[in-house]
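In: give the three-dimensional model of this entry:
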Amino acid sequence: MRAPLPDLDALDIEALKALILAQHEDRQRQLEELDRQRAELAQHRTQYQDELRERSEQIEHLRLVVEKLRRMLFGRKSEKLSIQLDQLELQLEELEAIHATLASVPMGDAQADNTGAEPARKPLPEYLPRHIVTHEPKESCCPECGGDLRHFGDDVSEQLDYVPEIFRVIRHVRPKFACSKCESVVEAPAPSRPIARGLAAPGLLAHVLVSKYADHCPLYRQSEIYARQRVELDRSTLAGWVGATSELLAPLVDAVRRHVLGATKLHADDTPVPVLAPGNGKTKTGRLWTYVRDDRQAGDNTAPAVWFAY
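Out: Modelled structure (predicted):
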C-alpha cells in the first residue's frame, strides 16, 4: 500500500529537497532492479535458444545416420543393423519430442530459433466419418443494437480424432449471423484445442501417448499403422504432439511428484537402461528411478501413487 503524499504547502525548502532526493534514489533503485531483471531474462533467452539450436542439430545428425543405415539395409537383411536402426529411430523421436516441448514453453516476445521446418499438413481423407459439432452463439439478437440476426455463412475447422479402432473427424461449425439493422456479425467463439492450431483432438493425443509409453509402440511404427488406414501422419508430427502434450501434462506430473515425495516412507528402485549413443554404435547408461508411495497395509487411506524419473 502506497504511503500518502505529505502536504507540500506545509514543507519548507529543505524538506522538499529531501523528499525529491528520496524519490530520486527510490527511482534509481527501481531502474537498477529492472535492468538486472532484463539482463537475467536475456541470459535465460540465450540459453533457451542455444538449447533449441543444439537439439535441432542433434535431430538433423540422427536423421542423416538413420538414412545412411536405411541405405545400408537396402538389398540385404542384417539383424544387427535393424536393431541399431530401431534404436536410432527411438532416440530421434525422443529428441523431436523434447524439441517440441522446449519450443512450446512461452518466452515472452522471444522468437524460438526453430531450424527444422514443420512438415506440410496433408488434407484429411474425405472418406473418414465426420462428427459435426455446431457452436451456436449465446446471443439471440445483435449485442450492439438489439436487431434481428440472419445466418449468412459458417466458419468451419477440422480436428483429427481417434476412438478405439477408428479414426473420425470432428467438424466444428460456427454459424455466422448478421444483424439486419447494423450489419454486425455474431458467431460463437472457436472451441479451445489441446495444442494451439493443432490438428489432433484429445482422444487422438491420448491414444498416441498410451501407444508409445504404455504399449511400447514407437512413433515411426504408429505412423506406419495409421498409414494403413490412409491417414498419413509423419513421425516428426507425432513427436511434436508428444512434446506439446508433455508440456500440457507437466503440472499433473509435478502434482504426482509432490504427492509421492511428501510421504514419510518411500519405496525406491534404480534400473540401469542401456542407451545407444548416436554415430559410434556404442551404448551409455541411462537410469530409470521409480518412487512408490503405498501405506495401505499400514492402515493409511492416502492414495497410493508412483513417480518415474528417467
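
In: chain center to the host helix or strand of residue 206: distance?
Out: When secondary structure is defined by DSSP states H and E, residue 206 falls within helix 202-209. For helix 202-209, the gap between its own C-alpha mean and the chain's C-alpha mean amounts to 13 Å (C-alpha atoms, centre = their mean, to the nearest Å).

In: outside of it itself, list whatever touches it.
Out: Residues from elsewhere that reach helix 202-209 (C-beta atoms under 8 Å, 6 or more residues apart in numbering): 160-163, 167, 194-195, 200, 219, 222, 238, 241-242, 245. From N, CA and C alone the C-beta is placed, and that goes for glycine too.

In: list the buried residues of it.
Out: Neighbour-count burial for helix 202-209, counted by 16 or more other C-beta atoms under 10 Å, picks out 203-205, 207-209.

In: for beta bridges, what are the partners of residue 283?
Out: In this structure, residue 283 has beta-bridge partners residue 276, where bridges are defined by DSSP bridges.

In: which residues does it contact?
Out: 274-277.

In: on the pLDDT front, check it for me.
Out: pLDDT for residue 283: 82.

In: again, but for the one 4 residues further on
Out: Listed pLDDT for residue 287 reads 92.

In: which element is encountered next along the chain beyond the helix or strand where it lies?
Out: Taking DSSP H and E as the definition, one finds residue 287 inside strand 283-293. Per DSSP H and E, the first helix or strand lying C-terminal to strand 283-293 is strand 305-309.

In: buried residues of that next one, list them for me.
Out: With the criterion 16+ other C-beta under 10 Å, strand 305-309 contains buried residues residue 307.

In: and for stretch 182-194?
Out: Those buried within stretch 182-194 under the rule 16+ other C-beta under 10 Å are 186-188, 194.

In: that older thread, just the closest of the buried residues of helix 202-209 to residue 308, please.
Out: residue 209 (13.9 Å; C-beta to C-beta).

In: how near is that closest one to residue 168?
Out: Relative to residue 168, residue 209 is positioned 19 Å away (criterion: C-beta to C-beta, to the nearest Å).

In: again with residue 49
Out: According to C-beta to C-beta, residue 49 stands 39 Å off from residue 168.

In: next one: residue 282
Out: According to C-beta to C-beta, residue 282 stands 45 Å off from residue 168.

In: got it, and residue 88?
Out: Counting by C-beta to C-beta, the gap from residue 88 to residue 168 is 34 Å.

In: quick one, which of those two is more surrounded?
Out: When residue 88 and residue 168 are compared for neighbours, residue 88 comes out ahead with 20 against 17, by other C-beta atoms under 10 Å.

In: go through the lowest-mean-pLDDT helix or strand in the chain and flag the buried ones.
Out: Counting by mean pLDDT, DSSP states H and E, the weakest-scoring helix or strand in the chain turns out to be helix 79-103, with a mean of 74. Buried residues in helix 79-103, counting neighbours by 16+ other C-beta under 10 Å, are found at 84-85, 87-103.

In: which residues of the stretch 151-300 of the chain score low on pLDDT?
Out: Under the criterion of pLDDT under 70, the regions of the stretch 151-300 of the chain flagged as low confidence span 164, 278-279, 281.

In: quick one: the strands in it?
Out: All strands of the stretch 151-300 of the chain, identified by DSSP state E, counting those that start in this stretch, fall at 166-179, 185-186, 267-276, 283-293.
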